[in-house]
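A.B. asks: build me a model from this:
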Amino acid sequence: MPHYAYDRISAAVPSVKLTSFYEYYVDPSCCIFLTAGYVQHLSKTPFAASFGEDGIFEMSVGFTTTLF
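C.D. replies: Have a look, this model is predicted:
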């Protein structure tokens, strides 16, 4: 079972981020999009012991349209 500490921790860590963005227009005023990205920390972070990894993968899906 993991042990969590609720202390306030901050750190400045050099990182590299790769992001990809795809969009599909349903019609001229409506778009569906997919964003995927990966962040890799270049040095050890104080959070690595808690989460076990120094990289993060993120993904989001959404839509956008005009209001008027």
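A.B. asks: for this protein, which element, helix or strand, carries the lowest mean pLDDT?
C.D. replies: Ranking every helix and strand in the chain by mean pLDDT, DSSP states H and E puts helix 48-51 at the bottom, with a mean of 60.
A.B. asks: got the contact list for the helix or strand that comes right after that one?
C.D. replies: Beyond helix 48-51 in the direction of the C-terminus, DSSP states H and E gives the next helix or strand as strand 55-65. Here strand 55-65 makes contact (C-beta atoms under 8 Å, 6 or more residues apart in numbering) with 29-41. All C-beta spots, glycine's among them, are computed from the backbone N, C-alpha and C.
A.B. asks: for Thr35, give me its contacts.
C.D. replies: Thr35 makes contact with 19-22, 58-61 under the criterion C-beta under 8 Å, 6+ apart.
A.B. asks: ok, so of those residues, who is nearest Asp7?
C.D. replies: Glu58 (25.0 Å; C-beta to C-beta).
A.B. asks: for the closest one, give the beta-bridge partners.
C.D. replies: Listed beta-bridge partners, Glu58: Gly37 (assigned using DSSP bridges).
A.B. asks: Tyr25 now?
C.D. replies: Applying DSSP bridges to Tyr25 gives these bridge partners: Cys31.
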